[in-house]
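Peer 1: okay, here's the prediction I keep looking at, along with the sequence it came from:
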Amino acid sequence: MQLLRERYKTERELVEACQQGKRAAQEQLYRKYKNVLLGICLRYAPNRPAAEDLLQEGMVKIFTKMHAYDFKGSFEGWMKRIMVNTALDEYRKTNRRIETEPIFEEAHADQSINMPTHVEGSLEMLLKIIQELPDGCRTVFNLYEIEGYSHKEIAEMLQISEGASRSQLSYAKSKLSERIKTLFPTGYAVV
């Protein structure tokens, strides 16, 4: 493994080797970026197995489209865009329309959750809460709050109205705030 890391010392060398279809470079690229890209997938997917499927699908697209990367702009940003688009493609396939559904079923009400005592545990819990949102709310929340898209852009991407985008975001924030208040009664809020 150490030889792989030394072989392609710069990102440009690594990308160029991937563009030439070199398997060792592809493996190195995957290992280097899998955690960052999985983080994106986890925000859009309802659970870890679905996120891992998105990651694999997105990596296939990255390697397939690698020849199109022209070294203008951030390579990591280019890959992140492909991952977000892969998640949106999956959303469009499985959700023909955004529905507002109850987020937390009765089963969740009886579950006890161990409170994390460190930041990593808190972030994992927050991710789990976001994953509990219905697909439409979760997607709009991620696109608006995390990716920084406008409601107009989200409406175009998801083929919904701007009002629906605003409504889904509002619903997501409301449900996230409710859930966080039940877990952290001392006072956290989603803004």
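Peer 2: Sure thing, it's come through.
Peer 1: switch to C-alpha atoms for all contacts and neighbour counts from now on
Peer 2: Noted.
Peer 1: check the residue nearest the centre of the chain and give its pLDDT.
Peer 2: Centroid-nearest residue in the chain: I40, 2.7 Å away (criterion: C-alpha atoms, centre = their mean). I40 carries a pLDDT value of 93.
Peer 1: and if you look at T94?
Peer 2: pLDDT, read off for T94, is 78.
Peer 1: tell me the contacts of the residue nearest to the centre of the chain?
Peer 2: 80, 83-84 (C-alpha atoms under 8 Å, 6 or more residues apart in numbering).
Peer 1: quick check: domain ranges of the chain?
Peer 2: Domain assignment of the chain by automatic domain parsing yields the ranges 1-96, 126-191.
Peer 1: for those domains, which has the smallest mean pLDDT value?
Peer 2: domain 126-191 (a mean of 86).
Peer 1: please tell me how far that domain is from the chain's geometric centre.
Peer 2: 13 Å (C-alpha atoms, centre = their mean, to the nearest Å).
Peer 1: most tightly packed of the domains of the chain?
Peer 2: domain 126-191 (a mean of 18; mean count of other C-alpha atoms under 10 Å).
Peer 1: from E11, how far off is the residue nearest to R12 when sequence neighbours are not counted?
Peer 2: Nearest residue to R12, sequence neighbours excluded (C-alpha to C-alpha, 6 or more residues apart in numbering): F71, at 7.8 Å. For F71, the distance to E11 equals 10 Å [C-alpha to C-alpha, to the nearest Å].
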